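1. Compute the structure for the input listed below.
(one chain, ligands or ions: 1)
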Amino acid sequence: MAYVDEVYARVVRENPSQPEFHQAVREVLDSLRPVIERNEEKHRREALLERITMPERQLLFRVPWVDDKGQVQVNNAYRVQFSSAIGPYKGGLRLHPSVNLGIIKFLGFEQVFKNSLTGLPIGGGKGGSDFDPKGKSDREVMAFCQSFMTELHKYIGADVDVPAGDIGTGAREIGYLYGQYKRLTGKYEGVLTGKGLTYGGSLARTEATGYGLLYLTEEMLRCNGHEMAGKTVVVSGAGNVAIYAVQKAQQLGAKVVTVSDSNGWVYDSEGIDVELLREVKEVRRARLTEYAAARPSAQYHEGRGVFRVACDVALPCATQNELDLEDAKALVEHGCIAVAEGANMPTTLEATEYLMAHGVLFAPGKAANAGGVATSALEMSQNSMRMSWTFEEVDRKLRDIMVGIFHSIDEAAKDYGVAGNYVAGANIAGFLKVANAMEAQGVV
Ligand code: NDP
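-> Purely as a prediction, here's the structure:
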């Protein structure tokens, strides 16, 4: 049996009931076949793939907190410190009822390669809880965050592990988490990123994932003889990534006609009004029905449907496995030329294969959404230097990083005989740096 198949079988055997983790490992190991096969016996002897698919440390803990009625609530919480080969663990905290260990492990595993692709010295980790901030009062969210950090602070630090935001963890949550860390440790240090601008945050971090997605997509289009201007774009999600993807796509001359949340989606024939979207989602924390109610050109639909709308470019920016095979078929039928993942693993394996087999340019999340973590690393640099860069400086560095990522995945794909396969290119380029650092550091 080939070494990659042996390792995949072991991952499935040892991590039962974690389908998302299996899916992420399968995709990466399949891409690595040509790399591993060049030196299979050496890699097997060094157990390189076993070590890269097994987290260095997995923390599971309970988070008790008191709700507004005086009832004690208890949530499950996780921090998976996946790899510190190239820097301190780095990755977001997800707060969503769907969170479980398998989801956090898939996200942590992806993060290792994504962080490597940025070219910055950051290892991979991820964490979160099945706590749902939706519908909770600010006091309840604070009570949860303080209790969560009371346990987590023992395992993190500016040079150890630096968490950030993700689904359900925005500026409010990061603020409460940071306050509690400072209170417990007495240290004012860059232990979290995504902080507010008044206490160590970086300009352009809020915009970074969405903007970065568009910088990479634009470069991918340009290198394949297209341009963003004039394109019709569908976006899913209406959170941090989606909002700033819509804004940057519009700045680059595209027309974005959809956004969605977990209840339904909006089609806006005039193009999404990004200021109204921000008001509904960031200020009022309301549902998209309110966007549609305020905008005559918008139609609201219950359920899913974004990827059935005719478009040139599709940007899934909500959650994992939201774009399935039927969606992929509809996109191809409508002549879609590019799909770039703003979310983590939003496209199922079957859908990814279908899109690529039908000539759709496909940028995987670990490359396309790396702008968020790259700018988090820039926030860490500013914190260490006790300095703040301007918006333009950070945005320029972000753009250079995203263009650089595109070229490194493009070149890795060409080097290994799979030109144009950016999934393989991203996995190979991300892997090579981590594997090299692991080898240099010995058996640890
Ligand atoms: P937010 O919480 O800000 O927004 C998430 C959006 O997706 C919301 O519109 C939400 O709708 C929707 N959504 C969440 N879960 C589901 C679901 N199960 N079904 C349908 N819709 C859903 O998160 P972000 O924008 O930060 O993150 C979105 C994706 O991007 C995630 O995959 C995240 O891991 C990834 N990512 C984020 C980065 C960042 O910097 N923020 C960096 C890199 C990747 P509703 O409000 O109704 O729940």
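2. and the residue of the protein nearest the ligand?
-> The nearest approach of the chain to the ligand comes at residue 239, 1.7 Å away (Cβ to the nearest ligand atom). No exception for glycine: its C-beta is placed from N, CA and C like everyone else's.
3. Isn't that residue up against residue 319?
-> No. Look at residue 239 against residue 319 with Cβ atoms under 8 Å: they stay out of range, at 9.4 Å.
4. shared neighbours of these two, anything?
-> Residues touching both residue 239 and residue 319 (Cβ atoms under 8 Å, 6 or more residues apart in numbering): residue 167.
5. Which pLDDT does the model give the residue of the chain closest to the ligand?
-> Residue 239 is assigned 96 on the pLDDT scale.
6. okay, now it: neighbour count?
-> Residues lying near residue 239 (other Cβ atoms under 10 Å) number 22.
7. can you check residue 282 too?
-> Residues near residue 282, counting by other Cβ under 10 Å, number 15.
8. Against residue 164, how distant is it?
-> Using Cβ to Cβ, to the nearest Å, residue 282 is found at 18 Å from residue 164.
9. what residues does the stretch 251-400 of the chain put near the ligand?
-> 261-263, 317-319, 342-344, 369, 372 (Cβ under 6 Å from any ligand atom).
10. now for those residues, which pair is the farthest apart?
-> Using Cβ to Cβ, the two most remote members of these are 263 and 372, lying 24.7 Å apart.
11. ok, back up a step: closest to residue 413 among the residues of the stretch 251-400 of the chain next to the ligand?
-> residue 369 (18.6 Å).
12. biggest strand in this structure, by residue count?
-> Counting residues, the longest strand found in the chain (DSSP state E) is strand 72-83.
13. quick one: which of residue 263 and residue 372 has more around it?
-> Neighbours were counted for residue 263 and for residue 372 using other Cβ under 10 Å; residue 372 has more, 30 against 11.
14. And the contacts of the strand or helix carrying that one?
-> Taking DSSP states H and E as the criterion, residue 372 maps to helix 371-385. Contact partners of helix 371-385, identified using Cβ under 8 Å, 6+ apart, comprise 90-92, 111, 114-115, 118, 120-122, 158, 162, 164, 189-190, 193-195, 200-202, 204-205, 208-213, 215-216, 241, 388-389, 394, 397-398, 401-402.
15. run the last query once more with 7 Å
-> The contact list for helix 371-385 (Cβ atoms under 7 Å, 6 or more residues apart in numbering) reads 90, 114-115, 118, 120, 122, 162, 164, 190, 193-194, 200-202, 204-205, 208-209, 211-213, 388-389, 394, 397-398, 401-402.
16. So which of the residues you listed are in helices?
-> Taking DSSP state H as the definition of helices, the contacts of helix 371-385 contribute 114-115, 205, 208-209, 211-213, 394, 397-398, 401-402.
17. Residue 24 - nearest residue in space that isn't next to it in sequence?
-> What sits nearest to residue 24 in space, not counting adjacent residues and going by Cβ to Cβ, 6 or more residues apart in numbering, is residue 106, at 4.3 Å.
18. Can you check the pLDDT for that neighbour?
-> In this model, residue 106 is scored at 97, pLDDT.
19. What of residue 416?
-> So residue 416 comes in at 95 (pLDDT).
20. Could you do residue 147 as well?
-> So residue 147 comes in at 99 (pLDDT).
21. Give the rounded mean pLDDT of the strand or helix carrying residue 432.
-> Residue 432 is part of helix 422-440, with elements assigned from DSSP H and E. Here helix 422-440 scores 97 as its mean pLDDT.
22. give me every residue that touches residue 256.
-> 233, 235, 246, 249-250, 271-272.
23. Please tabulate the residues you listed in TSV and include pLDDT as additional columns.
-> Putting the contacts of residue 256 into TSV (pLDDT from 0 to 100) gives the following:
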residue	pLDDT
233	98
235	98
246	98
249	98
250	98
271	98
272	98
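24. Kindly reformat the residues you listed as CSV containing neighbour count and distance to residue 438.
-> Converted to CSV, those look like this (neighbours: other Cβ atoms under 10 Å; distance: Cβ to Cβ, whole Å):
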residue, neighbour count, distance to residue 438
233, 27, 39
235, 29, 37
246, 29, 39
249, 27, 38
250, 18, 42
271, 16, 47
272, 28, 44
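25. Show only the entries of those found in helices.
-> Those of the contacts of residue 256 lying in helices (DSSP H): 246, 249-250.
26. filter these by proximity to the ligand?
-> Within these, nothing lies near the ligand by Cβ under 6 Å from any ligand atom.
27. ok, which stretches of the stretch 101-250 of the chain are strands?
-> Ranges of strands in the stretch 101-250 of the chain, per DSSP state E, counting those that start in this stretch, are 124-129, 161-164, 232-236.
28. Can you tell me how far residue 96 is from residue 226?
-> According to Cβ to Cβ, residue 96 and residue 226 sit 35 Å apart.
29. same deal with residue 10?
-> Using Cβ to Cβ, residue 10 is found at 42 Å from residue 226.
30. Looking at the two, which is more packed in?
-> Comparing residue 10 with residue 226 by other Cβ under 10 Å, the one with more neighbours is residue 226, at 18 against 14.
31. Bridged to residue 81, which residues?
-> Taking DSSP bridges as the rule, residue 81 bridges to residue 57, residue 125.
32. Next up, the contacts around it.
-> Taking Cβ under 7 Å, 6+ apart, one finds 55-57, 89, 125, 161 in contact with residue 81.
33. Those, buried ones only, as a ChimeraX selection?
-> The command below creates a ChimeraX selection of those among the contacts of residue 81 that count as buried (16 or more other Cβ atoms under 10 Å):
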select :55,56,89,125,161
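34. about what we covered before: list phi and psi for the residue of the chain closest to the ligand.
-> Per-residue torsions, residue 239: phi -100, psi -150 (degrees, to the nearest 10).
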